[in-house]
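In: The following comprises the amino acid sequence and a computationally predicted model.
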Amino acid sequence: MLENLTGKWLWNKVDNYFADLFAPQDDQLKAVRRANREARLPEIDVSPVQGKFLYVLIQITQAKRVLEIGTLGGYSSIWMARALPKDGRIVTLEFEPRRGRHLVPVGLRAAARLPSGLGRSPDGKSSQWPASTVAGRR
């Protein structure tokens, strides 16, 4: 019994409770998580509670610009973009071109796409620089 109170089971119960209470998932967020799984992206998205935390941080700091390094499937990008004012912008950088494709269908318009292949990466192993998506609010 004590194992249940201190292990992963308890953590998941508490996290799910707070997610349901403070960070409910709408259809767009659910669709992105589902698309990420279907695309077999690494399961390293932020949790709903962490997404809400990013949202709150952006709102309390009154940020107008956000730089995200590592888009993955765009789940955290959506949370942060929703927290920005209408004139706010988020720049999200992703090394893998197949990632971050879910930003446009959920209402984040892509304002620019920087081409890859601009030079050598810092590790010298790749000729591809990270793809970049600049997104604004709807």
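Out: Okay, I see it.

In: Going along the chain, name the helices of the chain.
Out: For the chain, applying DSSP state H gives helices covering 2-6, 8-22, 27-38, 48-61, 75-83.

In: so which of these comes closest to Glu68?
Out: Ranking the helices of the chain by proximity to Glu68 (C-beta to C-beta) places helix 75-83 first, at 5.8 Å. For the C-beta atoms, the positions are set from N, CA and C on the backbone; glycine is no exception.

In: Give me the average confidence score over that closest one.
Out: The average pLDDT for helix 75-83 rounds to 91.

In: now swap in stretch 38-51 and tell me
Out: On average, the pLDDT along stretch 38-51 is 91.

In: what about that stretch, start to end distance?
Out: With C-alpha to C-alpha, to the nearest Å as the measure, stretch 38-51 spans 21 Å from end to end.

In: which parts of that stretch are buried?
Out: Leu41, Asp45, Pro48, Val49, Gln50, Gly51 (16 or more other C-beta atoms under 10 Å).

In: Just flag the most distant two among these.
Out: Leu41 and Val49, at 20.1 Å, using C-beta to C-beta across the buried residues of stretch 38-51.

In: any idea which of the helices of the chain is most buried?
Out: Comparing the helices of the chain by mean neighbour count (mean count of other C-beta atoms under 10 Å), helix 75-83 ranks first with a mean of 24.

In: Run through the chain and note the low-pLDDT ranges.
Out: Applying pLDDT under 70 to the chain flags the ranges 1-6, 97, 100-138.

In: Tell me the spatial nearest neighbour of Ile44, not counting adjacent residues.
Out: Leu72 (6.6 Å; C-beta to C-beta, 6 or more residues apart in numbering).
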